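Undergrad: this one's structure only:
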């Protein structure tokens, strides 16, 4: 995803949820690693997503 954006939100596996929410600061930092690449998929979508006037599910369909 680095080619799309220079920042990335944290994506955790379910087994790490509790540790993320309640763990010590030094332990939580160990979870800040890239998620497996097979967890993510990138598809071009319509530029119509840039307007709040457009509000329907077909905005998420891959662009032609």
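TA: Received the coordinates, thanks. Every value quoted in this text rests on a predicted model; they were computed, and no experiment measured them.
Undergrad: what's the residue nearest the centre of the chain sitting at in phi/psi?
TA: The chain has residue 9 as the residue nearest its centroid, 5.8 Å off, counting by Cα atoms, centre = their mean. In terms of degrees, to the nearest 10, the main-chain angles of residue 9 are phi -70, psi 160.
Undergrad: how close does it sit to residue 1?
TA: As judged by Cβ to Cβ, to the nearest Å, residue 9 and residue 1 stand 10 Å apart. From N, CA and C alone the C-beta is placed, and that goes for glycine too.
Undergrad: Ok, residue 39 next?
TA: Distance, residue 39 to residue 1, by Cβ to Cβ: 10 Å.
Undergrad: So between those two, which is more surrounded?
TA: Shown here are residue 39 and residue 1; by other Cβ atoms under 10 Å, residue 1 has more neighbours (14 against 9).
Undergrad: What residues does that one make contact with?
TA: 8, 40, 42 (Cβ atoms under 8 Å, 6 or more residues apart in numbering).
Undergrad: So which of these is the closest to residue 32?
TA: residue 8 (9.8 Å; Cβ to Cβ).
Undergrad: Name all residues that make contact with that closest one.
TA: Taking Cβ under 8 Å, 6+ apart, one finds 1, 2, 34 in contact with residue 8.
Undergrad: Recalculate using a threshold of 6 Å.
TA: Residues near residue 8 by Cβ atoms under 6 Å, 6 or more residues apart in numbering: residue 1.
Undergrad: Which strand or helix spans it?
TA: According to DSSP states H and E, residue 8 maps onto no helix or strand at all.
Undergrad: One more: the one 10 residues further on?
TA: Following DSSP H and E, one finds residue 18 within helix 17-22.
Undergrad: Residue 19: neighbouring residues, count only.
TA: Neighbour number of residue 19 under other Cβ under 10 Å is 14.
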